[in-house]
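>>> Structure for the following, please:
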Amino acid sequence: MGDLVNEWLQNVAYSNSGSPNTQDEYTRTWKRFSNFIGKTAELIEAEYNAVDKDRGFKRKYARLIRTWIAELSNGGLEDSSIKVMVGVIQSFFKYSDLPLGKIPQAMSGVVYHNRDITAEEIVKIMAVVKLRERAFFAVMAQSGLRPHTIKQLQIKQLESLDTIPSKIEVPRAIAKGKYGGHITFIASDAAKYLKQYFETKKELSPESLVFSIDDYGKNPLNSKDVSRVFNKAARKLRKSGAIDFEVREGKPSEIRLYNLRKFFRKFANQMGFEHVEYLMGHTIKGSSMNYKPEDPEFYRQLYLEKAMPFLRLETLDPLETENAILELKQKSEIQIRGLKQQLAEKDREIAELNAKISEVSPEKVEGIASAIFQKSFQDLVTKTLGMSAEELKKQIKKEKEKQEIDKAKS
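This is a model prediction of the structure:
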């Protein structure tokens, strides 16, 4: 690549947050166009500098691009793909300050080639691929991340896989183009397969790639290879009659790798459109972006309650069942420990009371009982006659004295 192309690519990288994926795509598209016209970027610039007027230059290269569009279309490329490739070439002319004539634009509109995919179909596809791809597909279906983002994830960006849902931090550098960093989550299916996959690796560090072609997490997967594995597995199952979908040669079939993102988009929608868009790494347009929640725990709770139950892949979920049993066991153990502590405290109080009673002599016990009786008697007199026991004694004494006087008189 010459200096002019490198300068253009640097400007593109600056405008697209330094995304290596964007730079790779632009580089491949430029090489394809350059080979078609048989000229390098430097030759195009030199040709422009040699002419006195823009008109002839603009017409010539607009005509060449239109001819290239026709060839791409005759080669079976979709209008949407051609539109993206032409945009790359227009970007080169724009950033290089080179004039360009009128280029036709394909009609706007999106044709959805892929149908909805079910959890059962995903499980069948995962069953006929290797563990690495199985984990990759599960992560994609339960996180909504793009393949190119997943292949760049590092171990340090994963939360503990024992925490369900498990958070994934997506830094700006591996998000698509102008999209910023964000978070998303995976459920127990993806966590289980990742654990199994990591057990096949050696000496993984926080900097290691989650998915790699080596045992140390250093060399990344090719996302196109992952897509080919998915397509091959789906067609194998179609041939056996296990699943049914339309295959379109030269065009995307009804079932392909991106169906996994569509699965996430559909079944996580109970979280709310804007929240799902955020987890998938899509921009939120307008002023809504200013009010987007930033607390990861807010999204974790939403995912747990509104998305995870519908993103489950396997009919039986051993990890979730195990966690539920463990949680109930822990609560029971806490309750049992509390009851044991209460019983021990009562036993201690009874023992202390018995010890105090054993220290009291029989005479003292009799005295205490007598005192209690006297006190009870006094309380009864007071309550019944409205006077104290002492006043009652005086009253009885007076009555006796009166009786004796009356007896003496008679």
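>>> and residue 185, backbone torsions?
phi -140, psi 160 (degrees, to the nearest 10).
>>> give the contact list for the residue lying closest to it once chain neighbours are set aside.
Once flanking residues are discounted, residue 185 sits nearest to residue 165: 3.9 Å by Cβ to Cβ, 6 or more residues apart in numbering. Heads up, the C-betas are built off the backbone N, CA and C, glycines and all. Listed by Cβ atoms under 8 Å, 6 or more residues apart in numbering, the contact set of residue 165 reads 185-187, 300, 303-304, 308.
>>> go with 6 Å
By Cβ atoms under 6 Å, 6 or more residues apart in numbering, the residues touching residue 165 are 185, 187, 303-304, 308.
>>> Tabulate those residues in a markdown table, adding columns for pLDDT, neighbour count and secondary structure.
Output for the contacts of residue 165, formatted as a markdown table (pLDDT from 0 to 100; neighbours: other Cβ atoms under 10 Å; DSSP: H, G, I helix; E, B strand; the rest coil):
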| residue | pLDDT | neighbour count | secondary structure |
| --- | --- | --- | --- |
| 185 | 97 | 27 | strand |
| 187 | 95 | 26 | coil |
| 303 | 95 | 25 | helix |
| 304 | 93 | 14 | helix |
| 308 | 94 | 23 | helix |
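>>> Any chance of those in JSON lines with distance to residue 31 as columns?
As requested, those are exported to JSON lines (distance: Cβ to Cβ, whole Å):
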{"residue": "185", "distance to residue 31": "39"}
{"residue": "187", "distance to residue 31": "41"}
{"residue": "303", "distance to residue 31": "42"}
{"residue": "304", "distance to residue 31": "47"}
{"residue": "308", "distance to residue 31": "44"}
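>>> Between those residues, which sits nearest residue 253?
Closest approach between those and residue 253, by Cβ to Cβ: residue 187, at 26.8 Å.
>>> State the distance from the closest one to residue 268.
Between residue 187 and residue 268 the computed distance is 10 Å (Cβ to Cβ, to the nearest Å).
>>> One more: residue 79?
30 Å.
>>> Neighbour count for those two, which is higher?
When neighbours are counted by other Cβ atoms under 10 Å, residue 79 and residue 268 differ, and residue 268 comes out ahead with 25 against 16.
>>> mind giving me the domain ranges of this protein?
Split into domains by automatic domain parsing, the chain comes to 3-95, 119-315, 362-409.
>>> what's the most buried one of those?
Most buried of the domains of the chain, by mean neighbour count (mean count of other Cβ atoms under 10 Å): domain 119-315, with a mean of 17.
>>> Give me the distance between it and the centre of its chain.
The chain centre lies 10 Å from the centre of domain 119-315; the measure is Cα atoms, centre = their mean, to the nearest Å.
>>> right, and the domains of the chain - which one's nearest residue 337?
domain 119-315 (23.6 Å).
>>> Show me the helices in the stretch 101-250 of the chain, by range?
119-127, 131-143, 147-150, 188-198, 223-240 (DSSP state H, counting those that start in this stretch).
>>> ok, back up a step: any idea how far the residue nearest to residue 185 lies from residue 296?
11 Å.
>>> Format the helices of the stretch 101-250 of the chain as TSV; extra columns: mean pLDDT.
Putting these into TSV (pLDDT from 0 to 100) gives the following:
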stretch	mean pLDDT
helix 119-127	95
helix 131-143	97
helix 147-150	93
helix 188-198	96
helix 223-240	94
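>>> closest one to residue 93 among those helices?
Per Cβ to Cβ, nearest to residue 93 of the helices of the stretch 101-250 of the chain: helix 147-150, 26.5 Å.
>>> which helices and strands does the closest one pack with?
Applying 3 or more Cβ pairs under 6 Å, 6 or more residues apart in numbering; DSSP states H and E, one finds that helix 147-150 contacts helix 223-240.
>>> Pull the contacting residues for residue 89.
By Cβ under 6 Å, 6+ apart, the contact list for residue 89 reads residue 33.
>>> let's see it at 7 Å
Neighbouring residues of residue 89 by Cβ atoms under 7 Å, 6 or more residues apart in numbering: 33, 65.
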